[in-house]
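Asker: With the input below, show me the fold.
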Amino acid sequence: MLLSKKKIKILFLSFLSILLSACLTKKEQQQQIVEAKLAYINHDYSRSVNKLLKLADADNVQAQYALGYMYYYGLGISKDQDIARDWIKKAAKQKYPPAVIALNAMTKPYFRPDAPQVNTLAYNHARN
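Answerer: Residues are numbered from 1 along each chain as shown. The predicted structure follows:
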């Protein structure tokens, strides 16, 4: 089975992120979350994604959920709804309420990605 260049790049970035995030304390992780949220609010999505990748690989549920959202809509990263779902599932497995709600919404047959409740949920998450 050959991996696409995109998948190889994602795997490499994930591995690199794991190595770098191992050194972050909880306080440093929280600071990185704040910086990622500020970048998101300022529409600097690439910077936000870069911060979130490290944290998501270190099992930070907020980062996993936010990264999934950004993959889903292609904000700062190539749009990939399968990868988005995987990140959101990881956060939902850890009982992170926004991720549980999003995952439930994503699995319903009538799910519309442009639905106001999904966008409102992400906006409220970014503000907190």
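Asker: Excluding residues flanking it in the chain, which one is nearest Ala102?
Answerer: Closest residue to Ala102 apart from its sequence neighbours, by Cβ to Cβ, 6 or more residues apart in numbering: Ile88 at 5.4 Å. All C-beta spots, glycine's among them, are computed from the backbone N, C-alpha and C.
Asker: so for whichever strand or helix holds that neighbour, what's the average pLDDT?
Answerer: Per DSSP states H and E: Ile88 is located in helix 81-93. Averaging pLDDT along helix 81-93 yields 94.
Asker: next structured bit after that helix?
Answerer: Past helix 81-93, further along toward the C-terminus, the next helix or strand under DSSP H and E is helix 97-107.
Asker: And the residue nearest to Val61 when sequence neighbours are not counted, its phi and psi?
Answerer: The shortest distance from Val61 to any non-neighbouring residue, by Cβ to Cβ, 6+ apart, is to Tyr96 (3.9 Å). Per-residue torsions, Tyr96: phi -80, psi 110 (degrees, to the nearest 10).
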